[in-house]
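Asks: need a structure here:
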Amino acid sequence: MKVLSVLSVLFMMMALPVVVPAQSSGQPESVKQAVLDYVEGVYEVSPTRIERSIHPDLAKRGFFIKKGETVYSPHTMTFPQLVELSKNYNKNGHVPKDAPKEVVMYDISDQTASAKLIAVWGIDYIHLAKYDGKWKIINVLWQSPPKPTK
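Replies: Purely as a prediction, here's the structure:
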């Protein structure tokens, strides 16, 4: 009787619909392109790419270790500050051509997405949302490269 009950439960579970989030074709590429526009906009001194990929209500918060210190300090940045940073960050060409820009997609829904970026300045955890049909970065939480473990 127990076997019959177990089989009945398994059969009912198989009959339930499986819900899969809808993704239109091209969404992963569009999300990745928004993240690449952000990092390459900084690397390539291209504020236009920043303006294309970042929402004006950006909230960018992070942590870095100041020279001569051993603990992380908090830092916040707004959209206008990021645009200005992109005009000057690599103006003298100090970022190597092969600087990291690894994008890892965590989740993509029809309206929101999350990703991770590994860049020369550290690790960014990114939230994106679709505005007027275009993916824009709305939140970034970052830190400088992790301290080496002893």
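
Asks: how about low-confidence regions in this protein?
Replies: Scanning the chain for pLDDT under 70 picks out the ranges 1-26, 150.

Asks: Select the longest helix from it.
Replies: With secondary structure taken from DSSP state H, the chain has its longest helix at helix 27-43.

Asks: Which helix or strand contains the residue most central in space within the chain?
Replies: A centroid search over the chain (CA atoms, centre = their mean) returns I126, at 2.8 Å, as the residue closest to the centre. For I126, the host element (DSSP states H and E) is strand 122-131.

Asks: what is the orientation angle of that strand with helix 27-43?
Replies: Following axes from the mean of the first three to the mean of the last three CA atoms, to 10 degrees, one obtains 130 degrees for the angle between strand 122-131 and helix 27-43.

Asks: what's strand 122-131 packed up against?
Replies: Contacts defined by 3 or more CB pairs under 8 Å, 6 or more residues apart in numbering; DSSP states H and E place strand 122-131 against helix 27-43, strand 54-65, strand 112-119, strand 134-143. All C-beta atoms are positioned from the backbone trio N, CA, C, and that covers glycine.

Asks: Lovely, talk soon.
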